[in-house]
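Colleague: Next input, structure requested:
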Amino acid sequence: MKHALTALLAAFAVPAAAQERPANPQFDYAGFSRLVEELGPVREAHRLPWAEFYARARTGGAILLDARSTSAFARGHLKGAVNLPFSDFSAETLREALGTDTNRPIYIYCNNNFRDHRPPVILKAAPLALNIPTFVNLHGYGYTNVWELADLIGTTDAGVEWVSLEGAEPATAAPLGRIR
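Modeller: Numbers count the residues shown, from 1 in each chain. So this is what the prediction gives:
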């Protein structure tokens, strides 16, 4: 019986070579973890209340960036926002959307800044809120003057300029789904 059990376990055992995964230099989880750790205090110092956030985002040269999907952006966004979906972030697309001045002020917000909890701002799990990876990735690509909306607001709150492109002609000329 003991030999049969050993043989059975051996038949289902994964060979050691199959357990090893090849190194892929295009993934650096340890580097990402270090970046997240380093940016924690920076992010905390760069979170702004609504009134200051929106006033600063509307100043000359600033960019109000919405990193949600193109469809969520079209269904509604803050007036003046530029859309570059997070999944499209690369050095090239960020340069196209944000320019080459990596010190240009960039203001970000996401679904979790809204209390509405209905399309297009459905809440995400708090540790997975889009502001977090957006902030980290922008810094990782060299854009270091990033500011995040800290407050919880509603799309119909006084002073919130919420616009929708639904029913409007799609902005096909805008590269990568960037819509104003």
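Colleague: tell me, how many neighbours does Thr156 end up with?
Modeller: By other Cβ atoms under 10 Å, the residues close to Thr156 number 8. For the C-beta atoms, the positions are set from N, CA and C on the backbone; glycine is no exception.
Colleague: cool, and the one 4 residues further on?
Modeller: Here the number of neighbours of Val160 (other Cβ under 10 Å) works out to 14.
Colleague: now it, nearest residue through space, not along the chain?
Modeller: Ile153 (5.7 Å; Cβ to Cβ, 6 or more residues apart in numbering).
Colleague: And the pLDDT at that neighbour?
Modeller: pLDDT for Ile153: 97.
Colleague: hang on, it packs against Asn111?
Modeller: No. With contact defined as Cβ atoms under 8 Å, Ile153 does not reach Asn111; the gap is 11.8 Å.
Colleague: the more surrounded of the two?
Modeller: Ile153 (22 against 18).
Colleague: if we can go back for a sec, if the residue nearest to Val160 is in a bridge, with which residues?
Modeller: Beta-bridge partners of Ile153, counted by DSSP bridges, are Phe114.
Colleague: ok, so what distance separates Leu130 from Ala55?
Modeller: 23 Å (Cβ to Cβ, to the nearest Å).
Colleague: between the two, who's got more neighbours?
Modeller: Taking neighbours as other Cβ under 10 Å, Leu130 and Ala55 compare with Leu130 leading, 21 against 12.
Colleague: which residues touch Tyr109?
Modeller: 53, 64, 66, 78, 131, 148-149 (Cβ atoms under 8 Å, 6 or more residues apart in numbering).
Colleague: Closest to Gln26 out of those residues?
Modeller: Asn131 (25.1 Å; Cβ to Cβ).
Colleague: all helices of this protein, in order?
Modeller: 2-12, 16-19, 29-45, 50-57, 70-75, 91-98, 131-140 (DSSP state H).
Colleague: How about the contacts made by the residue most central in space within the chain?
Modeller: Ranked by distance to the mean C-alpha position of the chain (Cα atoms, centre = their mean), the top residue is Thr134 at 3.2 Å. Counting by Cβ under 8 Å, 6+ apart, Thr134 touches 65, 67, 86, 108, 110.
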